[in-house]
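[1] quick one: sequence plus predicted model below, questions after.
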Amino acid sequence: MRRRRSADREESEVNLTPMLDVVFIMLIFFIVTASFVKEAGIDITRPPAATAERKERGNILVAITADDQIWVDRRMVDPRALRANLERLHAENPQGSVVIQADTASKNGLLVQVMDAARLAGIASVSLAAEVVE
């Protein structure tokens, strides 16, 4: 009788391997489908606009700081090399658009240079980022 009870205890163990497999697959699914927020690499103060619209997709983010530095993909870029960088990023994602985040204290001339470089790089969709006023 005692042997029978110990045999029952050994058979009643739960195998956790299939459950761990399912949890691992779900983790991979959530990581792959998650959308990550891309930043240009620097904090800026965007100008407010009453007619600003939220744009969910902006694949190439360009930031212009108050001291007229240009940042693309978390690194500072020389204005003369901006077109080449935008061409490279556009080649990686041909359907991508450019969103320019210009600080309120930045110069208008530099903003025009960045827009011109984006157009010369072959990017048709160029947008300006503004703070939404509600």
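    Here it is on my side, so go on.
[2] any low-confidence regions in this structure?
    1-11, 35-42, 54-58 (pLDDT under 70).
[3] which residues does the strand or helix carrying residue 84 contact?
    Assessed by DSSP states H and E, residue 84 sits inside helix 82-92. Outside helix 82-92, the residues that touch it by C-beta atoms under 8 Å, 6 or more residues apart in numbering are 59-60, 62, 70, 72-73, 77, 96, 98, 113-114, 117-118, 120-123. Backbone N, C-alpha and C define where each C-beta goes, glycine included.
[4] ok, then the element right after it?
    strand 98-102.
[5] what's the angle between that next one and helix 82-92?
    140 degrees (axes from the mean of the first three to the mean of the last three C-alpha atoms, to 10 degrees).
[6] quick one on the thing from earlier: what subset of the contacts of helix 82-92 is buried?
    59-60, 62, 70, 72, 77, 96, 98, 113-114, 117-118, 121, 123 (16 or more other C-beta atoms under 10 Å).
[7] helices along this protein, start to end?
    2-11, 17-33, 82-92, 108-120 (DSSP state H).
[8] send me the longest one as CSV with only the CA atoms.
    Looking back up the chat, that one is helix 17-33. Output of helix 17-33 as CSV, limited to C-alpha atoms (Å, rounded to 0.1, in the frame of the first residue of the first chain):
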residue,chain,number,x,y,z
THR,A,17,7.5,23.2,-20.0
PRO,A,18,4.6,23.8,-22.3
MET,A,19,3.4,26.7,-20.3
LEU,A,20,6.8,28.3,-20.4
ASP,A,21,6.9,27.8,-24.1
VAL,A,22,3.6,29.6,-24.5
VAL,A,23,4.7,32.5,-22.3
PHE,A,24,8.0,32.8,-24.3
ILE,A,25,6.1,32.9,-27.6
MET,A,26,3.7,35.5,-26.3
LEU,A,27,6.7,37.6,-25.1
ILE,A,28,8.3,37.4,-28.5
PHE,A,29,4.9,38.4,-30.1
PHE,A,30,4.5,41.5,-27.9
ILE,A,31,8.1,42.6,-28.5
VAL,A,32,7.8,42.3,-32.3
THR,A,33,4.4,44.0,-32.5
